[in-house]
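Colleague: have a look at this fold, sequence not included:
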């Protein structure tokens, strides 16, 4: 890299001084010069030695500033070379002026991505998914590495780390895909020159988790005596089971979401994720929980992570090996509607706030008991 200071003689001011600009060349390729904010009389400038002539305190301070500019530019180059990054002259100048960061660590990159999602008005649920995926990678790395130090070997290890945790193949794929988008963002914003996840390919197994609670498990939730914090989690979980609510929608319920039409009470709420309105008649069991707490606004509303932690304890108490999470409540509702109540896919989709039946068809498996029941109704049994 070559650093030169050049006097712009064509811009002589009223006191006989000219601005001094800094020019950089890297591998022979120049950048657009930038101003040093230093003014020098042409007779005082020594172009050969790149110094201001004279011995006054002012001259010494100006020459010291020129030395510091050169040192700062060379430091930017050297630090990045040590990290395997060869910067252009333009990139060095941008870093010098603070328009571009020389290096960011992983946590900073993650936060920048989250801030970008918020700026683009992405939903809280979507932002939470990104945070969760970013946290997985941080836990695997075990330290807050500079972004440029994250390599392909980390990607391969991360993939195996997730699989060793017991996550399904498709869930691992989605997590890795999220990290790919994180590093694409890093490149776009100038925080990285390459994506360590580039070239990663996925094999999808289209795994579908059809886990739901059956009638006996629901009964145990209702009949077991729970301590206060667990009881509140059980009540909120049962409410979602009977109303088919996603945790994000449940958490924003207020009394305004309850209305009465032709003597039937309805919960009407715009889905957080899709913005589509969900319309669900109030189930009698949900009405009991509502009466217990005195309205939708007063229902117990813990964060998704806290309630999921409690649900692990609750699962042990009711003697199920199912991985109990808030999502299971919504799948339990679908199972009830399809198999116990015999409702159509279209009606179930409308209650869930979906514009098509694709989700219901994917997760709402028809039980053997319903098949037998419909068979007996329509076919003569020998």
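Modeller: Okay, I see it. Because the structure is predicted, anything quoted here is derived from the model rather than measured.
Colleague: buried residues in stretch 332-344?
Modeller: Buried residues in stretch 332-344, defined by neighbour count with 16 or more other C-beta atoms under 10 Å: 332, 333, 334, 335, 336, 337, 338, 339, 343. Every C-beta, even on glycine, is put in place using the N, C-alpha and C of the backbone.
Colleague: hang on, I meant stretch 89-102
Modeller: Buried, per 16+ other C-beta under 10 Å, within stretch 89-102: 89, 90, 91, 92, 93, 94, 95, 96, 100, 102.
Colleague: go on, stretch 44-59?
Modeller: For stretch 44-59, by 16+ other C-beta under 10 Å, it's 45, 50, 51, 52.
Colleague: and stretch 147-166, by the same measure?
Modeller: Neighbour counts using 16+ other C-beta under 10 Å place 147, 148, 150, 154, 155, 158, 159, 161, 162 of stretch 147-166 among the buried residues.
Colleague: ok, now stretch 55-71?
Modeller: 62, 63, 66, 69, 70.
Colleague: and for stretch 127-145?
Modeller: 129, 130, 131, 133, 134, 136, 137, 140, 141.
Colleague: ditto for stretch 272-287
Modeller: Of the residues in stretch 272-287, 272, 278, 280, 282, 283, 286 count as buried by neighbour count, 16+ other C-beta under 10 Å.
Colleague: so where do the strands sit in the chain?
Modeller: In the chain, the strands defined using DSSP state E lie at 2-7, 18-26, 29-30, 34-40, 45-46, 51-52, 258-261, 264-270, 277-281.
Colleague: share the number of residues neighbouring the closest residue to residue 260 other than its chain neighbours, please.
Modeller: Distance criterion C-beta to C-beta, 6 or more residues apart in numbering; nearest residue to residue 260, sequence neighbours excluded, is residue 266 at 7.3 Å. Neighbourhood size, residue 266 [other C-beta atoms under 10 Å]: 17.
Colleague: dump the buried residues of stretch 272-287 to JSON lines, plus pLDDT and distance to residue 33.
Modeller: Listed next are these as JSON lines, based on pLDDT from 0 to 100; distance: C-beta to C-beta, whole Å:
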{"residue": "272", "pLDDT": "78", "distance to residue 33": "51"}
{"residue": "278", "pLDDT": "88", "distance to residue 33": "60"}
{"residue": "280", "pLDDT": "89", "distance to residue 33": "66"}
{"residue": "282", "pLDDT": "92", "distance to residue 33": "71"}
{"residue": "283", "pLDDT": "93", "distance to residue 33": "72"}
{"residue": "286", "pLDDT": "94", "distance to residue 33": "70"}
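Colleague: relative to residue 302, which of the residues you listed is nearest.
Modeller: Taking C-beta to C-beta as the measure, residue 272 is the one of those closest to residue 302, at 16.5 Å.
Colleague: what's near enough to touch the closest one?
Modeller: Neighbour list for residue 272: 123, 124, 125, 246, 248, 249, 252 [criterion: C-beta atoms under 8 Å, 6 or more residues apart in numbering].
Colleague: for residue 269, see how far away the second one is.
Modeller: Counting by C-beta to C-beta, to the nearest Å, the gap from residue 124 to residue 269 is 15 Å.
Colleague: looking only at neighbour counts, state which of these two leads.
Modeller: Taking neighbours as other C-beta under 10 Å, residue 124 and residue 269 compare with residue 269 leading, 23 against 13.
Colleague: bridged to that one, which residues?
Modeller: Beta-bridge partners for residue 269, by DSSP bridges, are residue 278.
Colleague: surely it is in contact with residue 251?
Modeller: No: with contact defined as C-beta atoms under 8 Å, residue 269 does not reach residue 251; the gap is 10.9 Å.
Colleague: one step back: tell me the one of the buried residues of stretch 89-102 nearest residue 309?
Modeller: Using C-beta to C-beta, the buried residues of stretch 89-102 come closest to residue 309 at residue 102, 40.1 Å.
Colleague: need the pLDDT of that closest one.
Modeller: Looking at residue 102, its pLDDT reads 59.
Colleague: rewinding a little: mind telling me the two of the buried residues of stretch 272-287 farthest from one another?
Modeller: So, the buried residues of stretch 272-287 by C-beta to C-beta: farthest apart are 272 and 283, at 21.0 Å.
Colleague: just the ones of the buried residues of stretch 55-71 in helices?
Modeller: 62, 63, 66, 69, 70 (DSSP state H).
Colleague: quick check: the gap between the nearest residue to residue 315 once chain neighbours are set aside and residue 317.
Modeller: Nearest non-adjacent residue to residue 315, counting by C-beta to C-beta, 6+ apart: residue 324, 3.9 Å away. Separation of residue 324 from residue 317 (C-beta to C-beta) stands at 10 Å.
Colleague: neighbour count for those two, which is higher?
Modeller: residue 324 (23 against 13).
Colleague: report how many residues lie close to residue 80.
Modeller: 19.
Colleague: so, low pLDDT: which residues of the chain?
Modeller: For the chain, residues meeting the criterion pLDDT under 70 lie at 83-84, 99-103, 206-209, 362-382.
Colleague: let me see the domain layout of it.
Modeller: 2-96, 106-188, 215-378 (automatic domain parsing).
Colleague: can you put those in JSON lines and add distance to residue 201?
Modeller: Output for the domains of the chain, formatted as JSON lines (distance: least, C-beta to C-beta, whole Å):
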{"stretch": "domain 2-96", "distance to residue 201": "25"}
{"stretch": "domain 106-188", "distance to residue 201": "10"}
{"stretch": "domain 215-378", "distance to residue 201": "24"}
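Colleague: which residues touch the residue nearest to residue 315?
Modeller: Contacts of residue 324 (C-beta under 8 Å, 6+ apart): 213, 311, 312, 314, 315.
Colleague: from those, pick the one nearest residue 119.
Modeller: Nearest to residue 119 out of those is residue 311 (C-beta to C-beta; 33.5 Å).
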